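[1] Got a sequence here, can you model it:
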Amino acid sequence: MLLSFINMKLRDCGKDLEGICEELDVSREEMEARLAGIDYHYSAERNQFV
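    As a prediction, this is how the structure comes out:
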């Protein structure tokens, strides 16, 4: 569910991962670590977790 929510925010809000993390008041490192735990990693080129 977190993956879908974050990718939706990245797609719909026009922000990058830093911007979304600031909006949600969570560190980028924590967000990336949580999603890496389910084998998803942020792609800056695609602006989504893949």
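
[2] CA only for contacts and neighbour counts going forward, please
    OK.

[3] Give me the neighbour count for Gln48.
    20 (other CA atoms under 10 Å).

[4] Next, give phi and psi for it.
    As for Gln48, its main-chain torsions (degrees, to the nearest 10) stand at phi -160, psi 170.

[5] is it true that it touches Phe5?
    No - Gln48 is beyond contact range of Phe5, at 10.8 Å (criterion: CA atoms under 8 Å).

[6] His41 and Arg34 touch, don't they?
    No - under the criterion of CA under 8 Å, His41 makes no contact with Arg34, lying 9.7 Å away.

[7] for stretch 17-26, the distance to its chain's centre please.
    8 Å (CA atoms, centre = their mean, to the nearest Å).

[8] tell me which residues in it are buried?
    Within stretch 17-26, the residues scored as buried using 16 or more other CA atoms under 10 Å are Leu17, Ile20, Cys21.

[9] Unless I misread the structure, the second one falls within a helix.
    Translated: Ile20. Yes - looking at Ile20 with DSSP: H, G, I helix; E, B strand; the rest coil, it is inside a helix.

[10] what's the spacing between it and Arg28?
    Applying CA to CA, to the nearest Å, the value for Ile20 to Arg28 is 9 Å.

[11] name the helices or strands packed onto the longest helix seen in the chain?
    Using DSSP state H to define each element, the chain has its longest helix at helix 2-13. Packing partners of helix 2-13 (3 or more CA pairs under 8 Å, 6 or more residues apart in numbering; DSSP states H and E): helix 17-24, strand 48-49.

[12] Kind regards, and thank you for your time.
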